[in-house]
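Enquirer: Fold the following.
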Amino acid sequence: MERFIFHSDLKPEKVEDYVRLHREPWAELLELIRACHIHNYSISLRGTQLYTYYEYTGDDYGADMKRMEESPVMQKWWRCSKPCFLHHGEGHYYDDLEEIFYTP
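Expert: Next comes the predicted model:
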């Protein structure tokens, strides 16, 4: 299993839209996430800052992320969610965070 942690910034005027999207995620999106071996996926919000965590349990992260990226469901989701990000105009959405402590 691999753990991934990311940080993002939302546009202040889009925070409510982003939260609303994630309060009622589409069933097809949740199935796609599971099918791509993503588990324990969580997003936390502090002001306009997002912190994302998930665990990957598959054997080929690159292939699973490509599958997710090419999915029509994900493309539709991103058309709704990506404009909420502060740096959407530059195509920048997430910064990796360094994990410095973990205990199972």
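Enquirer: Tell me which strands the least confident helix or strand in the chain by mean pLDDT pairs with, and in which orientation.
Expert: Lowest by mean pLDDT, DSSP states H and E among the helices and strands of the chain is strand 95-96, with a mean of 95. With DSSP bridges as the test, strand 95-96 is paired with strand 2-9 (antiparallel).
Enquirer: any residues touching the partner strand, and which ones?
Expert: 48-56, 61, 85-87, 93-97, 99, 102 (Cβ atoms under 8 Å, 6 or more residues apart in numbering). For glycine as for every other residue, the C-beta is placed from the backbone atoms N, C-alpha and C.
Enquirer: Kindly recompute the last result at 6 Å.
Expert: Residues from elsewhere that reach strand 2-9, judged by Cβ atoms under 6 Å, 6 or more residues apart in numbering: 48-56, 86, 93-95, 97, 99.
Enquirer: can you pull the buried residues of the helix or strand following it?
Expert: Counting by DSSP states H and E, the next helix or strand C-terminal to strand 2-9 is helix 15-23. Within helix 15-23, the residues that count as buried by 16 or more other Cβ atoms under 10 Å are Val15, Tyr18.
Enquirer: So which residues make contact with helix 15-23?
Expert: Leu10, Thr48, Cys80, Ser81, Cys84.
Enquirer: Right, I'll call it a day here.
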